[in-house]
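>>> A predicted structure for the sequence below; I have some questions about it.
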Amino acid sequence: MQRAILKRDSFQVMGIELQTSNHGKRSHREIPEHWDRFYGDQIHKRIPGRVDDTVYALYTNYHAGRRGQYSLVLGYQV
């Protein structure tokens, strides 16, 4: 898998959100489960209007501190 940081114009992503934190290693359990849900429940096949097959994992809505809450959205550009 190639990873890259790209500078792009803004776009919309549709998918599923997980709210988690690093407190007590909670995210270590929840993030793999979130990926399993995305593929295992066939959510990746039910997103309408996908631009292409690139899956985006967006880490956002961080709260202060390394133990704070944040969101992980898995989805596609629409």
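Structure's in. What do you need?
>>> What are the boundaries of the strands in the protein?
For the chain, the strands defined by DSSP state E cover 13-21, 55-60, 69-77.
>>> The last one - contacts with which helices or strands?
Right, strand 69-77. Applying 3 or more C-beta pairs under 8 Å, 6 or more residues apart in numbering; DSSP states H and E, we find strand 69-77 packed against strand 13-21, helix 26-40, strand 55-60. All C-beta atoms are positioned from the backbone trio N, CA, C, and that covers glycine.
>>> Need the contact partners of it.
Strand 69-77 has contacts (C-beta atoms under 8 Å, 6 or more residues apart in numbering) with 11-21, 31, 34-35, 38, 43-44, 47, 50-63.
>>> can we see that at 6 Å?
Outside strand 69-77, the residues within contact range by C-beta atoms under 6 Å, 6 or more residues apart in numbering are 11, 13-19, 21, 38, 47, 50-51, 56-63.
>>> which of those are buried?
Buried residues within the contacts of strand 69-77, counting neighbours by 16 or more other C-beta atoms under 10 Å: V13, G15, L18, S21, F38, I47.
>>> My guess is the last one contacts M14. True?
Yes. In this structure I47 lies within contact range of M14 using C-beta atoms under 6 Å: 5.3 Å.
>>> could you dump the helices and strands packed on strand 69-77 to JSON lines with mean pLDDT and distance to G75?
As requested, the helices and strands packed on strand 69-77 are arranged in JSON lines below (pLDDT from 0 to 100; distance: least, C-beta to C-beta, whole Å):
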{"stretch": "strand 13-21", "mean pLDDT": "97", "distance to G75": "2"}
{"stretch": "helix 26-40", "mean pLDDT": "96", "distance to G75": "8"}
{"stretch": "strand 55-60", "mean pLDDT": "95", "distance to G75": "6"}
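>>> Number of residues surrounding T54?
8 (other C-beta atoms under 10 Å).
>>> And it, how close does it get to Y76?
Relative to Y76, T54 is positioned 7 Å away (C-beta to C-beta, to the nearest Å).
>>> Next: Y56.
From Y56 to Y76 the distance is 7 Å (C-beta to C-beta).
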